[in-house]
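Asker: The sequence and its predicted three-dimensional model are supplied below.
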Amino acid sequence: MKSYDKDFLQRLQQRDEAAFSTLYNDTVDMFFRYLKATYFLSDSEIDDLLSSFYVKVWNNLKRLDTNTWLSSWMWTICKNLAKDYFKAHSSIHFSQMDSNRYEDGDAFEDGLLSEENITQMFHTNREYSEILQAMEQLTWDYREVLYLKFVEEYSYEEIAATLKTSEQNIRQKVSRWLKKLKSLLP
């Protein structure tokens, strides 16, 4: 996500419509792609979620602390709205979607893939539909981290800040989850 200066953030806090319009135009495609790739919702469902999302952002701008990362704040709102959506529209409890139960007991080093292998894996001639089918078999948090890393091209540090966890934890998860995704690909 684009970085904004303190002046822009103050204008947002003052509910400046031009600043909010700029924020919307800068971020709407990113959040749409995130919801599509992570949750596999229809376009109309995503449009509804995004409408709610931007209304919530607008209504809570006065609470925005200019010392925090705008991106983390917005990602938290987006993820919470998605969780609420699934709680309301699913017979599966959201807590059952947690990936913590996938611990395989391997040492951290055993699950690591080299950056070379990761790059090679994503630059092979895989059909987009094959990757989507494999990702559908992963839990939402697998898809979320992979989306942030390889679609939005976030650094490990940015992902860790967005998800409020350690950078080492994100590196470990990306490596293990890529290994799992690779095993799901035909």
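Answerer: Cool, the structure landed.
Asker: before we move on, which element is the residue nearest in space to the middle of the chain in?
Answerer: By CA atoms, centre = their mean, the chain has its centre lying nearest to Glu144, at 4.1 Å. Element membership of Glu144, judged by DSSP states H and E, is helix 140-146.
Asker: Please name every helix or strand in contact with that helix.
Answerer: Where contact means 3 or more CB pairs under 8 Å, 6 or more residues apart in numbering; DSSP states H and E, helix 140-146 is packed against helix 17-39, helix 128-136, helix 156-163, helix 167-184. Quick note: C-beta positions are derived from backbone N, CA and C, even for glycine.
Asker: Please report how far Lys180 lies from Phe150.
Answerer: 14 Å (CB to CB, to the nearest Å).
Asker: oh sorry, the question was meant for Arg143
Answerer: Distance of Arg143 to Phe150, computed by CB to CB: 11 Å.
Asker: got the domain boundaries for this protein?
Answerer: Here the domain assignment for the chain is 6-89, 102-184, based on automatic domain parsing.
Asker: got JSON lines for those, with mean pLDDT too?
Answerer: Below are the domains of the chain laid out as JSON lines (pLDDT from 0 to 100):
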{"stretch": "domain 6-89", "mean pLDDT": "88"}
{"stretch": "domain 102-184", "mean pLDDT": "68"}
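Asker: re earlier: my read: the residue nearest to the centre of the chain touches Thr38, true?
Answerer: Yes: in this structure Glu144 lies within contact range of Thr38 using CB atoms under 8 Å: 5.1 Å.
Asker: For Tyr85, which non-adjacent residue is closest in space?
Answerer: Leu49 (6.0 Å; CB to CB, 6 or more residues apart in numbering).
Asker: Pull the contacting residues for that neighbour.
Answerer: 35, 41, 81-82, 85 (CB atoms under 8 Å, 6 or more residues apart in numbering).
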